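Participant: sequence? don't have it. structure:
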């Protein structure tokens with residue numbers, strides 16, 4: 001993923017769950033009781049350790065393995081983040097010592113990602129700043145775009161460049177893999193889009209010319225046919241392209257300012273964010289406007305969907321399977337999308353970040369009214385992302401902080417502070433338990449989201465970090481920036 005507006009300014013100098021019942025006291029929690037038999041399960045535990053006790057019970061249910069699956073716990077659809085008292089009792093005057101809570105638990109992830117701790121490779125080759133980095137959906141390749149007008153494809157096994165893709169005449173702002181990992185689309189300041197074979201690096205025809213200004217964003221349809229994608233541009237339009245015929249199918253007109261971000265959701269909708277302060281929702285099949293989402297008081301810089309991770313990875317989970325036919329892969333992708341959508345019993349959600357210091361949470365498939373307005377940042381919000389499980393939102397800001405929010409309600413969860421420069425990105429680990437952030441201060445930080453603490457500081461870049469991505473299989477983090485070097489980090 002690339003930096004977008006924040007980079008621009010810098011360069012200008014400016015699985016199943018269960019439930020338990022718990023009887024609550026004013027500051028402590030009584031013994032956990034089995035809801036079926038009503039008998040006590042374990043002794044009295046104080047409020048500070050109640051989540052640990054519940055996790056222990058969940059581990060027992062899983063067979064008390066040495067490395068148990070971590071669980072999240074919820075009361076009335078709200079996660080227990082700090083403690084039962086803080087999150088469920090303190091703000092509820094009707095709670096008594098005899099109140100019975102139903103506590104739901106869900107596995108956070110079916111696999112565990114280890115924090116990256118060291119730089120395994122420093123990949124030289126670009127002759128100008130690295131502006132965007134992205135792993136392929138299957139995690140086997142890495143692509144980078146640069147101010148030197150080239151795209152490079154890197155072999156992760158050997159940490160060497162496979163192909164250098166030449167053709168653009170200006171900075172490469174965005175690079176995006178097709179869901180089947182076979183095609184790369186790149187967008188440039190030269191107002192063109194180019195398609196490349198990810199297998200051998202050859203150009204797939206001439207440049208696609210329809211935009212009249214900088215191409216800022218590209219998103220492929222999550223359909224595993226890998227035929228259609230949408231592009232956004234500073235010319236104020238978004239365009240839906242057919243990669244097979246190399247023609248523009250629909251031009252999405254309606255914004256009065258530059259389009260800075262585009263997303264293609266799993267419900268047949270395309271989302272566009274603009275410096276005209278609005279977000280527009282379009283029907284991908286017809287190109288018609290469905291609704292306009294308004295509320296921000298300044299430029300809308302970035303968008304994220306609660307289904308982004310599963311839309312990106314399609315049929316590829318952490319085991320990185322192979323499929324006999326494209327139809328098998330398409331069916332697996334559809335199954336994973338439906339599982340992700342149904343895991344929270346909520347429709348696809350959208351979050352938007354703005355120069356007005358705020359974030360809005362939307363349910364764009366059903367309403368033009370926001371679910372919540374998220375306030376707290378003291379400077380422009382440059383980047384937002386949903387955790388892969390859709391339960392949290394991370395926001396990065398020029399106020400040097402990363403903030404974590406509840407992905408269902410928009411409630412503030414915690415503040416992650418430690419950077420001494422603008423934070424450009426906050427990228428989730430595939431298991432939703434860690435974040436990596438990249439900053440103007442040249443540092444990457446790996447955060448433990450639940451603890452709210454930095455796990456690892458990753459120095460190494462000599463200047464601003466403009467781009468960062470965590471591989472879908474969790475093994476690698478890639479970063480690039482003004483120092484022209486692409487770095488690969490691993491445990």
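Facilitator: Great, that's in hand. Bear in mind that the values here come from a model prediction, so they are computed numbers and not experimental data.
Participant: in the sheet, who's paired with the residue positioned nearest the centre of the chain?
Facilitator: Nearest to the mean C-alpha position of the chain, counting by CA atoms, centre = their mean, stands residue 385 at 3.7 Å. Residue 385 has these beta-bridge partners by DSSP bridges: residue 394.
Participant: residues in contact with it?
Facilitator: Neighbouring residues of residue 385 by CB atoms under 8 Å, 6 or more residues apart in numbering: 304, 308, 393, 394, 426, 427, 428. All C-beta spots, glycine's among them, are computed from the backbone N, C-alpha and C.
Participant: any low-confidence regions in the protein?
Facilitator: 1-72, 76-79, 81-82, 105-111, 224, 314-346 (pLDDT under 70).
Participant: all the helices of it, in order from the start?
Facilitator: Here the chain has its helices, by DSSP state H, at 5-11, 50-61, 84, 308-313, 326-342.
Participant: ok, the residue nearest to the centre of the chain to residue 460 distance?
Facilitator: 23 Å (CB to CB, to the nearest Å).
Participant: what does residue 388 give?
Facilitator: 26 Å.
Participant: neighbour count winner among these two?
Facilitator: residue 388 (25 against 16; other CB atoms under 10 Å).
Participant: quick one: contacts for the closest residue in space to that one that isn't next to it in sequence?
Facilitator: Counting by CB to CB, 6 or more residues apart in numbering, residue 388 lies nearest to residue 309, which is 3.8 Å off, once chain neighbours are set aside. By CB under 8 Å, 6+ apart, residue 309 lies in contact with 340, 386, 387, 388, 428, 430, 472.
Participant: which two among those residues are spaced furthest apart?
Facilitator: 386 and 472 (14.7 Å; CB to CB).
Participant: how many other residues sit next to the nearest residue to residue 168 once chain neighbours are set aside?
Facilitator: Distances taken as CB to CB, 6+ apart place residue 188 nearest to residue 168, at 4.2 Å, with adjacent residues excluded. Neighbourhood size, residue 188 [other CB under 10 Å]: 23.
Participant: what of residue 480?
Facilitator: Residue 480: 28 surrounding residues under other CB under 10 Å.
Participant: now the one 10 residues further on
Facilitator: Residue 490 has 17 neighbours, counted by other CB under 10 Å.
Participant: ok, residue 266 next?
Facilitator: 22.
Participant: confirm for me that it is in contact with residue 349.
Facilitator: No: Residue 266 is beyond contact range of residue 349, at 11.5 Å (criterion: CB atoms under 8 Å).
Participant: mutual contacts of these two, please.
Facilitator: residue 305.
Participant: show me the contacts for residue 388.
Facilitator: Per CB under 8 Å, 6+ apart, neighbours of residue 388: 109, 309, 310, 428, 430, 431, 432.
Participant: and the residue lying closest to the last one once chain neighbours are set aside, what is it in contact with?
Facilitator: Spatial nearest neighbour of residue 432, chain neighbours left out: residue 387 (4.0 Å); criterion: CB to CB, 6+ apart. Residue 387 makes contacts with 309, 393, 394, 407, 428, 432, 449, as judged by CB under 8 Å, 6+ apart.
Participant: distance to residue 245 added to those residues, as CSV?
Facilitator: Converted to CSV, the contacts of residue 387 look like this (distance: CB to CB, whole Å):
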residue, distance to residue 245
309, 30
393, 37
394, 38
407, 38
428, 35
432, 38
449, 43
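Participant: with respect to residue 442, which of those residues is nearest?
Facilitator: Out of the contacts of residue 387, the member with the shortest distance to residue 442 (by CB to CB) is residue 394, at 20.3 Å.
Participant: that closest one: how many residues sit nearby?
Facilitator: 26.
Participant: distance of it from residue 407?
Facilitator: Taking CB to CB as the measure, residue 394 falls 10 Å from residue 407.
Participant: equivalent analysis for residue 471, please.
Facilitator: Look at residue 471 and residue 407: by CB to CB, they are 22 Å apart.
Participant: mind giving me the domain ranges of this protein?
Facilitator: Per automatic domain parsing, the domain ranges recorded for the chain read 5-14+113-490, 18-107.
Participant: most packed of those?
Facilitator: Highest mean neighbour count of the domains of the chain: domain 5-14+113-490, a mean of 20 (counted as mean count of other CB atoms under 10 Å).
Participant: for the residue nearest to residue 168, list each beta-bridge partner.
Facilitator: Listed beta-bridge partners, residue 188: residue 172 (assigned using DSSP bridges).
Participant: equivalent analysis for residue 238, please.
Facilitator: Here residue 238, judged by DSSP bridges, has bridge partners residue 232, residue 252.
Participant: test my guess that it contacts residue 249.
Facilitator: No: counting by CB under 8 Å, residue 238 stays clear of residue 249, with 11.6 Å between them.
Participant: so how far is residue 427 from residue 118?
Facilitator: 18 Å.
Participant: would you mind measuring from residue 313 to residue 455?
Facilitator: Distance from residue 313 to residue 455, by CB to CB: 24 Å.
Participant: and what of residue 399?
Facilitator: On the measure of CB to CB, residue 399 and residue 455 end up 22 Å apart.
Participant: over to residue 434?
Facilitator: Relative to residue 455, residue 434 is positioned 7 Å away (CB to CB).
Participant: spell out which residues are contacts of both of those two.
Facilitator: Joint contacts of residue 434 and residue 455 (CB under 8 Å, 6+ apart) are 115, 446, 447, 448.
Participant: farthest pair in those?
Facilitator: 115 and 447 (9.3 Å).
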